[in-house]
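Visitor: fold the following.
(8 chains)
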There are 8 protein chains.
Amino acid sequence: MAEPAGTRLAEVADLDQDRVARRGYPEAVYCAGKTPEQLRLIAAAVRDLAQVTLFTRADDDHAAAIRDALPEARWDADAGLLAWPPVPPEPTGGLVVVVAAGTSDLRVAREAMLTASYLGRPCELVVDVGVAGLHRILGHIELLRRARVVVVVAGMDGALPSVVAGLIAAPVVAVPTSVGYGAAFEGLAALLAMLNACAPGVAVVNIDNGYGAGHLAAQISAPFQPS
Amino acid sequence: MAEPAGTRLAEVADLDQDRVARRGYPEAVYCAGKTPEQLRLIAAAVRDLAQVTLFTRADDDHAAAIRDALPEARWDADAGLLAWPPVPPEPTGGLVVVVAAGTSDLRVAREAMLTASYLGRPCELVVDVGVAGLHRILGHIELLRRARVVVVVAGMDGALPSVVAGLIAAPVVAVPTSVGYGAAFEGLAALLAMLNACAPGVAVVNIDNGYGAGHLAAQISAPFQPS
Amino acid sequence: MAEPAGTRLAEVADLDQDRVARRGYPEAVYCAGKTPEQLRLIAAAVRDLAQVTLFTRADDDHAAAIRDALPEARWDADAGLLAWPPVPPEPTGGLVVVVAAGTSDLRVAREAMLTASYLGRPCELVVDVGVAGLHRILGHIELLRRARVVVVVAGMDGALPSVVAGLIAAPVVAVPTSVGYGAAFEGLAALLAMLNACAPGVAVVNIDNGYGAGHLAAQISAPFQPS
Amino acid sequence: MAEPAGTRLAEVADLDQDRVARRGYPEAVYCAGKTPEQLRLIAAAVRDLAQVTLFTRADDDHAAAIRDALPEARWDADAGLLAWPPVPPEPTGGLVVVVAAGTSDLRVAREAMLTASYLGRPCELVVDVGVAGLHRILGHIELLRRARVVVVVAGMDGALPSVVAGLIAAPVVAVPTSVGYGAAFEGLAALLAMLNACAPGVAVVNIDNGYGAGHLAAQISAPFQPS
Amino acid sequence: MAEPAGTRLAEVADLDQDRVARRGYPEAVYCAGKTPEQLRLIAAAVRDLAQVTLFTRADDDHAAAIRDALPEARWDADAGLLAWPPVPPEPTGGLVVVVAAGTSDLRVAREAMLTASYLGRPCELVVDVGVAGLHRILGHIELLRRARVVVVVAGMDGALPSVVAGLIAAPVVAVPTSVGYGAAFEGLAALLAMLNACAPGVAVVNIDNGYGAGHLAAQISAPFQPS
Amino acid sequence: MAEPAGTRLAEVADLDQDRVARRGYPEAVYCAGKTPEQLRLIAAAVRDLAQVTLFTRADDDHAAAIRDALPEARWDADAGLLAWPPVPPEPTGGLVVVVAAGTSDLRVAREAMLTASYLGRPCELVVDVGVAGLHRILGHIELLRRARVVVVVAGMDGALPSVVAGLIAAPVVAVPTSVGYGAAFEGLAALLAMLNACAPGVAVVNIDNGYGAGHLAAQISAPFQPS
Amino acid sequence: MAEPAGTRLAEVADLDQDRVARRGYPEAVYCAGKTPEQLRLIAAAVRDLAQVTLFTRADDDHAAAIRDALPEARWDADAGLLAWPPVPPEPTGGLVVVVAAGTSDLRVAREAMLTASYLGRPCELVVDVGVAGLHRILGHIELLRRARVVVVVAGMDGALPSVVAGLIAAPVVAVPTSVGYGAAFEGLAALLAMLNACAPGVAVVNIDNGYGAGHLAAQISAPFQPS
Amino acid sequence: MAEPAGTRLAEVADLDQDRVARRGYPEAVYCAGKTPEQLRLIAAAVRDLAQVTLFTRADDDHAAAIRDALPEARWDADAGLLAWPPVPPEPTGGLVVVVAAGTSDLRVAREAMLTASYLGRPCELVVDVGVAGLHRILGHIELLRRARVVVVVAGMDGALPSVVAGLIAAPVVAVPTSVGYGAAFEGLAALLAMLNACAPGVAVVNIDNGYGAGHLAAQISAPFQPS
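Guide: Numbers count the residues shown, from 1 in each chain, chains lettered A, B, ... in the order given. Here you go, the predicted structure:
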């Protein structure tokens, strides 16, 4: 009772090592709100597991602590993501196309693309194709139609997922971003727009949740074998 | 002090008869929240003025009371609008195009179009051209480019104004509607999307405010003579 | 300009007949906010098309008007849905399992299941398996693991999608419902919980949007052939 | 797939060079959320175009990066705006009057005025005329009535646009600002007040969106030639 | 424990008979949410007290039940208010001026005026003087300056209290009303505007709370004798 | 697949019959959103169980359907609650005192008291003791100090739980009610106040959730035997 | 058009020098959002006026700039307030009692008290008397009953104004503060509680608005002479 | 009137020394918003009292000031909590189990556990048992069933309290945390989920309020002797 804060793994985390067997996808470690010390303990435990692990929403201090234990881990500062082992698996399943409405949405789009890649899918990235200039997204229509799933990352008015979903047969994973100001309300405007997309076929995830979008896209495009 | 509620006009309203001189546009009477008796008093006073008057947000009881005093007034039940005198003035100024994203947006779109007509502008109406099927709005591009101002009425994701504004030089007046459910939040989703339109040139008015949109469009497309 | 409200189809709707070719799925007609007269015009036009059509969010008056033109259409009053032609196509693709957390979520769950059925998927429905008695959902684990996608319909705390997603490899489509009161805020609590699901693999749609969930599930479980 | 973040323009942006032809107004570059490196790439590309370009919501680091590529660009630190080329075009069209309710609204008002100027309109600025001292705005009534459009910038109670719109024939573009505290909710109070302006003729843009207001004003006051 | 719902006064209410002694003002009975039976019990108890009593937010059924016990009570259906005894006391203290921005605000304004009257103050009522036509409120400036306190009742943009407070020395009690629609959010827009009034001297009460405003005005204008 | 809506129990509900063994308290049936037909099926199944069952949030139609199967069930229309069997068990454990701030809070207070009674606790009810007249609650201080737990039911400002918690050693279960109007926001104001109670020891449940408060109080005051 | 930001007073502010004549109270200068340079210009202009001036919401940089022009001004860093001339006028009118619920509310309470003092009223301050220990506020009942108006400053649950208003005849000015965390929502919880105070006689001002509360209190307690 | 800010205890705080007698639990000192100087005064006064005192939400500066007066006080930087005297009392009453859903919830969980310990209860802590891997919480079922009360600390979807409450007889105190991002809205999503827990028996406290949860748990598990 009432002892100093934990310095052993069991006192700060209970890794869900069973997840690959149960779900087919490994656990990811959410770094925000954890101390570097806690992450160092977790990273050391991860080393003993033989499976892909992602560390999401990591800042520079988090990254340094993780790489103490996992020096060869890949660190993508833009996406705030570390991957271990550093090379993604050979891709299988359907194509995942990730679309970023604007340049400012790139960080989240990269997080989605890297996640889907490390979970084993082939991926393509398309940038700066917001609806203010429709010809830009229309110029990529062939690539979009080749995808098993399209991830659309957009802030501000969040209008792009509706437009993309209306053009293709595959499902769209929509990621609202906190890009914008004022009545964008940190991504709320885009989130609501996406939840009310007038074209059906839009799956919404949390604001700025590139990891979740990439994970969901990997599941949708998985080489599923019905039992 | 503390007498029975007013039965004379002065006790319930102070008509802004000066508005035509001051602003160039007549006052409109907002019916919601007024009793039929109050509207009968106001309509009788309107009869003595020699200027176009609109009664907005009227229900059937409101309309009956108003037509007691102004039997020849035009009553558009869809738009909830009465106009007196019943024939709009000869149109002047630039073209106003009113676009309704879906069939359910028609009521508000008609309110906007009728308002602009009675304030003296030429108007055209385009229906059911939501972004889920882009070819529909693109099929009207020539008409849209002839307009001095385009009013875009849309609920749900409110994505259409961004798309239209990105295609034309003229300003867009965006009217969010309360069409939708759940996270549409009675039009809030569309309102926020429009305020965050990624294409500049979008002027937003209140949810379901067809009257305000038509009035604003009439002002923008007025045959202005700089002094 | 300023004529009586439309009595011909072109004045109230522009059916997206191209949608099957473009998207592989037919357009649905959203009935809320439309008048019976508008729906009668639309239903008559639908008769001339040779494709599955769903009418969603229909009330009794809507249904009567639609069945004037399409008397053999199937009418499911619980789900507020009409389907024409009345028999769903032969199922193809992966299994869609629809899970309703409580009895009060059944209407939305049925809308999802019927939509996925009419878009051509095999479906199963599981009822009243909320997290307050965990053994209930755990008793269906084998069925859940056979699914290509699971639709989870839940109101109140919206906790069930997190639990289900943590148990299976397939993606979960989460539908918050407006079941509950007070701080449920008409489904907002469940919506937010689902957007913040601590298990990845949860795709969220609008509150009470059974149609959207069924459509998305049909797309995810489609017999996709990569081009 | 999964490469380092883009260092070439095509990887971060797709400039909408077609916009002048399509809309008559050039694209602006929204700097918030972009890295200085991304802006340096974009600024270098802008140099090759022969058209006015605005960089909005730039901070000092953004400005330094842009001026590496465009050293002669005009930098207005108050408004967070860079313009290139540095001299605005010869003004045409109707007069734009920009009104700032308080001194604290000046930054946003300057952004609006500079935008309208660089898009080619004659502009005037009026400062510190909030409704707490009505004589101040009434003292400018003649200037206001000469305007083709008036931009009103106000925070706190957002009451000024209603008052101005009630005095003139021209449309008002209302810009809520985040000036205030507590129940001002970062500009939400002013935004809602403006959306509910009791005088018609008020076009609302996003909170603190001086750029959008200036652009809209430039479109409204353009020397339009009906086709 | 667990008996049938109360049919004696002690089971449903505990009248604060001490309030006149303690506060100088009698208790009022808030009728909304009470059954007619509960109000009949309360009204019968009131008859035995020798003090002014107001019943607020009463509907027709409430009024009928109350008048069973207090047949001579005054019933103002517009204001939803019953007063007993029916004649207000002789006025003392400073003048209370109640201002209604629009005709639709009259119900709340009457509730405020009647309350202040029955608590013993001299009152005047001014109607339909919204800021869209400033000359209307300016025409009453002399009356406003004679007041010890001014109650301003307004919906929509809630701009009138700022304007009035900026013109006079006396405090303003501002009552937002639920008049309006869409982004008026049932009076929230007006409430926020009033809380952020740019002129100091504005005391805000709850939306539609005419009773509270009248009570507060009566306290402010009371013939206070410092002890 | 896609059959008519269920008419057998298994198609609409999966009763958690295990709950008494697992939790020590029986399941309750939440009636809102269920059809009378569904409740008739459930009530018939309940008859075969030998345990206390509560039906909450029932309206008259619900009650009639339930009493078809369980004619001797007790029906408390005020509280919207049916109990079967009709007589509560002999009370054990500590005293539960339920306090209603105002008469309008009585329905929720009764739901709480009846729930705690049927779960086996001794209960007392105190009515109309809001903080506007402090002497009223202070007059019950002895009873409050005898309680093992106090349930405080209050709407509007929700101030009473803070005051009560500050006076006693026992925990307070606070139930915000939707009593009030305007900025009460259907109980949100009271809910937030209770969550921010300046006295510790306040446990908050959902708005109007008398059942939940009674259940929680029964658990807190249970004759617990540590194992 | 488009010149460098203003360096002369007329370009940044239009002092409302007429306010003392019109309202009887001088203008205050709101410092937040103004640059030190702007405040230096304003302070220099103030020096030439012969009237009390308050500078509110000033930080250290603001204070330094103002005291360049007005070195003898009084600077109260706690309250963020400067007063010039430094000595308040001789008090007249009724007593203002300012009550702070907790120690953390002291800054706002001091701002209120200083404002009322500089506007000419006698003031008393009472500290740390929140409702969690009722005996604390009850111990000051005599002082409270001597006041012409009581200002109550409270965060968290905002319960104190209801309690105080229920004890006295004088009006209460309630100031919600942003003290608290989580569901206090930066003072929103306290604001809503105060707007819904179950005791009438509570005048609410904006969150943390000590200046506004002090101004309002000074007006209410003014030695008013009815004309 | 208007003197410099207080430097004596009576000017900044009125310690509720009576609380132990009245409530059985000592007052805690909420440090946020207090200056180090104020805390130094308070800590010095605490030294003279012979009772357990907790200082909550303390940062490093607060801690240093408090330890000037109380050098032997225990300082737990993780939980932001100081306790004096440093050793908790001998535990009595039922067992309190504190459960943290994720590693990031540990700070709040520790605050709850330390509070309950210093108020005299035996405590156990369980970490990282979120619902995404159900086997983790199910592995602790025996410990949970031994508890007199379980405190569940969770952010994001806030689903864990529903699951735990459904498994045990004892009440659950649910603490939402601000862990998460985007639509977690600083803990609002978890808060709403917990208020709508589909299992009864969940007592909710404010977001991140570990202190309140620990206090409430100590009261629930107290060795109560009915009088």
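
Visitor: the nearest residue to residue A:161 once chain neighbours are set aside - how many residues pack around it?
Guide: Computed as CB to CB, 6 or more residues apart in numbering or on different chains, the closest residue to residue A:161 that is not its neighbour in sequence is residue A:174, at 3.9 Å. All C-beta atoms are positioned from the backbone trio N, CA, C, and that covers glycine. By other CB atoms under 10 Å in any protein chain shown, 30 other residues sit near residue A:174.

Visitor: can you pull up the bridge partners for residue A:174?
Guide: In this entry, residue A:174 is beta-bridged to residue A:152, residue A:204, by DSSP bridges.

Visitor: return the residues in contact with it.
Guide: Shown in contact with residue A:174 (CB atoms under 8 Å, 6 or more residues apart in numbering or on different chains): A:151, A:152, A:154, A:158, A:161, A:194, A:197, A:202, A:203, A:204, A:205.

Visitor: element containing the residue nearest to residue A:139 when sequence neighbours are not counted, please.
Guide: Spatial nearest neighbour of residue A:139, chain neighbours left out: residue A:129 (7.9 Å); criterion: CB to CB, 6+ apart. For residue A:129, there is no enclosing helix or strand under DSSP states H and E.

Visitor: residue A:223 too?
Guide: With DSSP H and E as criterion, residue A:223 is part of no helix or strand.

Visitor: residue A:93 is in contact with that one, correct?
Guide: Yes - taking contacts as CB atoms under 8 Å, residue A:223 lies within contact range of residue A:93: 4.5 Å.

Visitor: need the pLDDT of the residue nearest to residue A:161.
Guide: Residue A:174 carries a pLDDT value of 98.

Visitor: neighbour count winner among residue A:223 and residue A:93?
Guide: More neighbours surround residue A:93 than the other of residue A:223 and residue A:93, with 21 against 10 (other CB under 10 Å).

Visitor: return the residues of chain A in contact with chain H.
Guide: Residues of chain A found near chain H (CB under 8 Å from any CB of the partner chain) are A:1-2, A:4-6, A:10-14, A:16, A:18-19, A:22, A:27, A:30, A:32-34, A:38, A:42, A:57, A:176, A:178, A:186-188, A:191, A:206-209.

Visitor: related to what we said a few turns ago, I'd like the contacts of residue A:174 as TSV, with pLDDT appended.
Guide: What follows is these, written out as TSV (pLDDT from 0 to 100):
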residue	pLDDT
A:151	98
A:152	98
A:154	97
A:158	96
A:161	97
A:194	98
A:197	96
A:202	98
A:203	98
A:204	98
A:205	98
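
Visitor: can you pick the most crowded of the residues you listed?
Guide: residue A:158 (38 neighbours).

Visitor: quick check: residue A:156 vs residue A:177, distance?
Guide: 9 Å (CB to CB, to the nearest Å).

Visitor: what do these two both touch?
Guide: By CB under 8 Å, 6+ apart, the residues touching both residue A:156 and residue A:177 are residue A:190.

Visitor: show me which of those two is the more surrounded one.
Guide: residue A:156 (34 against 30).

Visitor: report all helices and strands that the helix or strand where residue A:54 lies contacts.
Guide: Per DSSP H and E: residue A:54 is located in strand A:53-56. The elements that strand A:53-56 packs onto, with contact taken as 3 or more CB pairs under 8 Å, 6 or more residues apart in numbering or on different chains; DSSP states H and E, are strand A:28-30, helix A:36-47, helix A:60-69, strand A:81-84, helix A:106-118.

Visitor: one more time with 10 Å, if that's ok
Guide: strand A:28-30, helix A:36-47, helix A:60-69, strand A:81-84, helix A:106-118, helix A:210-220 (3 or more CB pairs under 10 Å, 6 or more residues apart in numbering or on different chains; DSSP states H and E).

Visitor: strands paired with it, and their directions?
Guide: strand A:28-30 (parallel), strand A:81-84 (antiparallel).

Visitor: what about the last one, distance to the chain center?
Guide: Spelled out, it's strand A:81-84. 12 Å (CA atoms, centre = their mean, to the nearest Å).

Visitor: residues in contact with residue A:204?
Guide: For residue A:204, the contacting residues are A:158, A:161, A:172-176, A:190-197, A:213, B:183, C:174, C:191, C:194-195, C:202-206, H:183, by CB atoms under 10 Å, 6 or more residues apart in numbering or on different chains.

Visitor: give me the subset of these lying in strands.
Guide: A:172, A:173, A:174, A:175, A:176, C:174, C:202, C:203, C:204 (DSSP state E).

Visitor: okay, now the first one: neighbour count?
Guide: If I follow you right, that is residue A:172. 33.

Visitor: can you tell me how far it sits from residue A:214?
Guide: In terms of CB to CB, residue A:172 sits 14 Å off from residue A:214.

Visitor: shared neighbours, these two?
Guide: By CB under 10 Å, 6+ apart, the residues touching both residue A:172 and residue A:214 are residue A:151.

Visitor: the residue in chain A that chain E sits nearest to: how many residues sit nearby?
Guide: For chain A and chain E, the shortest gap (CB to the nearest CB) falls at residue A:183, measuring 10.8 Å. Neighbourhood size, residue A:183 [other CB under 10 Å]: 26.

Visitor: any idea how far residue D:191 is from it?
Guide: When residue A:183 is compared with residue D:191 (using CB to CB), they lie 6 Å apart.

Visitor: which residues do these two both contact?
Guide: B:191, B:195, B:204, D:176, D:204, D:205, D:206, D:207.

Visitor: tell me which element the closest residue to residue A:51 other than its chain neighbours is part of?
Guide: Nearest residue to residue A:51 in three dimensions, chain neighbours excluded: residue A:26, at 4.6 Å (CB to CB, 6+ apart). Assigned by DSSP H and E, residue A:26 belongs to no helix or strand.

Visitor: so residue A:26 touches residue A:17, yeah?
Guide: Yes - at 8.9 Å, residue A:26 and residue A:17 qualify as touching, with contact defined as CB atoms under 10 Å.

Visitor: lowest-pLDDT helix or strand in chain A?
Guide: helix A:9-12 (a mean of 80; mean pLDDT, DSSP states H and E).

Visitor: check which residues of that one are buried.
Guide: Under the neighbour-count criterion of 16 or more other CB atoms under 10 Å in any protein chain shown, helix A:9-12 has A:9, A:11, A:12 buried.

Visitor: secondary structure class for residue A:145?
Guide: helix (DSSP: H, G, I helix; E, B strand; the rest coil).

Visitor: what is the burial count for it?
Guide: 15.

Visitor: and it, what is it in contact with?
Guide: Residue A:145 neighbours (CB under 10 Å, 6+ apart): A:97, A:167, A:168, A:169, A:170, C:22, C:227.

Visitor: residues contacting the first one?
Guide: Residue A:97 makes contact with A:113, A:116, A:122-126, A:140, A:143-152, A:164, A:168, A:170, A:172, A:217, A:221, according to CB under 10 Å, 6+ apart.

Visitor: out of those, which are buried?
Guide: Among the contacts of residue A:97, those classed as buried by neighbour count (16+ other CB under 10 Å) are A:113, A:116, A:122-126, A:140, A:144, A:146-152, A:164, A:168, A:170, A:172, A:217, A:221.

Visitor: quick check: the gap between residue A:20 and residue A:10.
Guide: For residue A:20 relative to residue A:10 (CB to CB), the value is 21 Å.

Visitor: isn't the residue of chain A closest to chain E right next to residue D:176, touching?
Guide: Yes - counting by CB under 10 Å, residue A:183 does reach residue D:176; the two are 8.6 Å apart.

Visitor: if I look at the two, which residues touch both of them?
Guide: Common neighbours of residue A:183 and residue D:176 (CB under 10 Å, 6+ apart) are B:195, D:186, D:187, D:188, D:191, D:204, D:205, D:206, D:207, D:208, D:209.

Visitor: how far away is the first one from residue D:175?
Guide: Summarising the geometry, the distance separating residue B:195 from residue D:175, computed by CB to CB, is 11 Å.

Visitor: any idea how far stretch A:135-151 is from the middle of the chain?
Guide: 19 Å.

Visitor: whoops, stretch A:36-51 was the one
Guide: With CA atoms, centre = their mean, you get 21 Å for stretch A:36-51.

Visitor: I'd like the average pLDDT over that stretch.
Guide: pLDDT averaged over stretch A:36-51 gives 90.
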